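A.B. asks: Build me a model:
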Amino acid sequence: MEDNKELLDILCQEENLDAVFDIIDSKENLVNHIINDEFIPKLKDLAKSKGLEICGNYKRNWVSDIYPGAHFQKTGWKYLDLAFQFDRQGLDGLIFGFVCKGNSKRSDIPAPIWEKVQEHYSITSKIKNWDSDLWIHKDFRRNCNWNNAQTIKDLLNGKTLNDFSIMFDEAIDCVKGLDI
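C.D. replies: Take a look at the predicted model:
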């Protein structure tokens with residue numbers, strides 16, 4: 001904190017306080033704008049290049065929503081979609097993997113298919129309650145928390161998009177030949 005004393009002295013000046021709080025109050029809007037209007041369109045294009053289609057409109061309040069994420073469907077996949085989701089509010093705990101398609105539940109998926117996908121993709125996804133465990137997932141490759149400046153920069157500079165590309169490829173490759 002000592003290193004920032006000069007900056008804090010400037011920010012604490014009465015004539016600067018309104019601007020300081022305006023900037024603080026703008027963070028959520030800024031992050032949502034970058035995700036919704038800058039990153040998601042590029043992610044949709046990337047998904048399309050991999051034969052995936054984003055399901056629905058994902059313009060939302062990513063920062064405040066509970067479990068924000070997106071699903072991607074692939075023609076021919078009957079039971080599962082690819083998806084990413086934050087496990088915690090505030091863009092923390094990003095996971096990526098396979099999720100039950102639409103409103104289906106795990107019991108709608110033949111057990112051998114579920115087990116094969118789990119074996120090939122993420123054996124660490126614990127087998128929990130048969131009806132409520134809807135995911136076979138991994139922690140995201142890098143930047144599991146999007147609530148910091150560097151990760152937001154990575155959304156803009158292509159690093160996170162590249163991580164999605166790698167994770168899409170890995171997931172698609174691991175289920176080749178499986179009737180999912």
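A.B. asks: what about Ile180, neighbour count?
C.D. replies: When neighbours are counted by other Cβ atoms under 10 Å, Ile180 registers 19. (Each C-beta comes from the backbone N, C-alpha and C, glycine too.)
A.B. asks: measure it to Leu161 for me?
C.D. replies: 25 Å (Cβ to Cβ, to the nearest Å).
A.B. asks: what stretches of the protein score poorly on pLDDT?
C.D. replies: The model of the chain has pLDDT under 70 over residues 1-3, 123-132.
A.B. asks: Longest helix in it, by number of residues?
C.D. replies: Longest helix in the chain, counting residues (DSSP state H): helix 14-33.
A.B. asks: Any chance you could list what contacts that one?
C.D. replies: Outside helix 14-33, the residues within contact range by Cβ atoms under 8 Å, 6 or more residues apart in numbering are 10-11, 60-64, 91, 146-147, 152.
A.B. asks: got TSV for these, with distance to Ser165, secondary structure and neighbour count too?
C.D. replies: What follows is the contacts of helix 14-33, written out as TSV (distance: Cβ to Cβ, whole Å; DSSP: H, G, I helix; E, B strand; the rest coil; neighbours: other Cβ atoms under 10 Å):
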residue	distance to Ser165	secondary structure	neighbour count
Ile10	42	helix	10
Leu11	40	helix	13
Arg60	23	coil	16
Asn61	26	coil	13
Trp62	20	coil	22
Val63	25	coil	19
Ser64	28	coil	12
Leu91	20	coil	23
Trp146	17	coil	24
Asn147	23	coil	16
Ile152	19	helix	21
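A.B. asks: State the pair within the residues you listed that is farthest apart.
C.D. replies: Within the contacts of helix 14-33, Ile10 and Arg60 form the most distant pair, 35.6 Å apart (Cβ to Cβ).
A.B. asks: before we move on, back to that, after the longest helix of the chain, which helix or strand is next?
C.D. replies: Remark: after helix 14-33, the chain's next helix or strand is helix 40-49, criterion DSSP states H and E.
A.B. asks: got a list of contacts for that next one?
C.D. replies: 53-54, 58-59, 70, 72, 161, 164-165, 168.
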